Structures are given as C-alpha cells and as structure tokens.
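**Student:** Need a 3D model of the following:
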Amino acid sequence: MSVQQRPDADQQHQPGASPNPYTDVATIRRVFTYARTIAVVGLSPNKLRPSYFVASYLQYRGYKVVPVNPTAPEILGETSYPSLKDVPFPVDVVDVFRDPKAVPEIVEQAIEIGAKALWLQFNVVAPEAAARAHAAGLDVVMDRCMKIEHGRWYGEMHWFGLNTGIVTSRRPERLRLGQ
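**Tutor:** Just a heads-up that it's a prediction; the model follows:
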C-alpha cells in the first residue's frame with residue numbers, strides 16, 4: 001500500500017495553485033520575524049469587536065499597533081489615521097479587518113507605503129487583491145488571524161482561555177468574598 005500525497009501539497013507556495021495558497025506556514029512565520037509595526041485597517045474602538053481584541057493582544061505582545069480608522073481619533077492609546085497613506089512612519093504589516101470589497105484599494109495603499117506584508121483576517125477573502133500584493137513583492141496571508149497564528153507559533157494559545165489543557169465538564173469553584 002502506498003501513501004498518497006494530497007494533490008495540492010507541493011503547490012502550497014504557488015499562488016493560484018489551491019483554493020487558498022496564502023496560508024503557507026513558512027510565510028506566516030517569516031512575517032513574524034520582521035513585523036514590528038502593524039497597521040490595523042478597520043480597527044474598531046469598540047472593545048467587543050474582534051479587531052480590538054486582536055490589536056490589544058498584539059500591542060500587549062510588544063508590537064506597535066497603528067489604528068487605521070477614519071471615524072476615531074484614537075484607539076488603544078494610539079493616534080488613529082484615516083488611511084494607510086496618512087501614516088507618517090514605515091509600516092511592516094497591514095492587517096485588514098474590512099469587507100473584501102475594500103481590499104483592492106487597501107492593497108494599492110500598502111504597496112504605495114512600502115509595507116512588507118498584507119494580512120487578511122478571517123473571512124476577508126480577496127484572491128485578486130492578494131495576488132496583486134504578492135506580485136508586488138509583499139508576503140500575503142489570507143483568511144487567518146494574526147493573534148491565533150502568533151499564539152500557535154509562540155506558545156501562547158492559552159492567553160484569553162484558549163488551549164489551557166484543562167478538559168472538564170465541571171465548573172470552576174468560585175471564590176466568594178469573606179471566605
């Protein structure tokens with residue numbers, strides 16, 4: 001009996017070869033080697049939104065988070081900019097929390113400002129825009145979460161209650177004041 005290889009296994013590094021070629025582990029890990037400044041496009045000031053959650057995690061881990069949101073002057077204690085073109089310093093990674101229809105314009109701005117990577121979060125799937133960014137020399141990750149991938153590769157999946165190693169049906173005992 002021979003072991004069969006997945007048809008797309010050796011095509012992972014070639015954009016366009018599989019339904020989502022932009023989930024390559026080597027690319028994801030490479031992005032974290034040079035990422036220092038991350039512009040989060042679509043960062044919400046609402047603490048209950050996923051963009052806020054991810055950005056606060058990245059900020060906590062030491063990355064400079066640059067909010068890009070034209071409706072808020074400041075998010076997470078950082079000045080918010082209306083667009084990538086308005087950010088007055090270099091950006092390493094553009095992390096996108098916007099509708100896929102907005103991604104082509106964001107890609108053009110990312111190329112214009114000299115970003116090194118484009119990261120499209122879960123459900124932000126724009127294959128043509130991703131291909132444009134890749135063709136311009138940017139590392140591209142699509143339909144993945146920066147927080148989850150960082151936790152996966154840097155041993156922090158337990159942060160915020162993920163993968164704690166505790167599997168039980170019992171509720172934790174609550175400490176009450178005065179006990």
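**Student:** Settle this for me: Ser80 is touching Ala72, isn't it.
**Tutor:** Yes. At 4.8 Å, Ser80 counts as touching Ala72 under the criterion of CB atoms under 8 Å. Glycine gets a C-beta too; all of them are placed from N, C-alpha and C.
**Student:** More neighbours: which of those two?
**Tutor:** Ser80 (19 against 15; other CB atoms under 10 Å).
**Student:** pLDDT value on that one, please?
**Tutor:** Ser80 carries a pLDDT value of 98.
**Student:** what does the one 5 residues further on give?
**Tutor:** At Lys85 the predicted local confidence, pLDDT, stands at 98.
**Student:** where along this protein do the strands fall?
**Tutor:** For the chain, the strands defined by DSSP state E occupy 37-41, 64-68, 74-75, 78-79, 93-96, 117-120, 139-142.
**Student:** Switch these over to a markdown table; also include distance to Gly151 and mean neighbour count.
**Tutor:** Converted to a markdown table, the strands of the chain look like this (distance: least, CB to CB, whole Å; neighbours: other CB atoms under 10 Å):
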| stretch | distance to Gly151 | mean neighbour count |
| --- | --- | --- |
| strand 37-41 | 15 | 25 |
| strand 64-68 | 16 | 23 |
| strand 74-75 | 22 | 16 |
| strand 78-79 | 22 | 14 |
| strand 93-96 | 15 | 27 |
| strand 117-120 | 15 | 27 |
| strand 139-142 | 15 | 24 |
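**Student:** Any chance of the ones you listed in a markdown table with distance to Val25 as columns?
**Tutor:** Listed next are the strands of the chain as a markdown table, based on distance: least, CB to CB, whole Å:
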| stretch | distance to Val25 |
| --- | --- |
| strand 37-41 | 19 |
| strand 64-68 | 24 |
| strand 74-75 | 30 |
| strand 78-79 | 30 |
| strand 93-96 | 17 |
| strand 117-120 | 14 |
| strand 139-142 | 10 |
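**Student:** so who does the most centrally placed residue in the chain touch?
**Tutor:** Nearest to the geometric centre of the chain sits Met146, at 3.2 Å (CA atoms, centre = their mean). Met146 makes contact with 38, 54, 58, 93, 95, 119, 121 under the criterion CB atoms under 8 Å, 6 or more residues apart in numbering.
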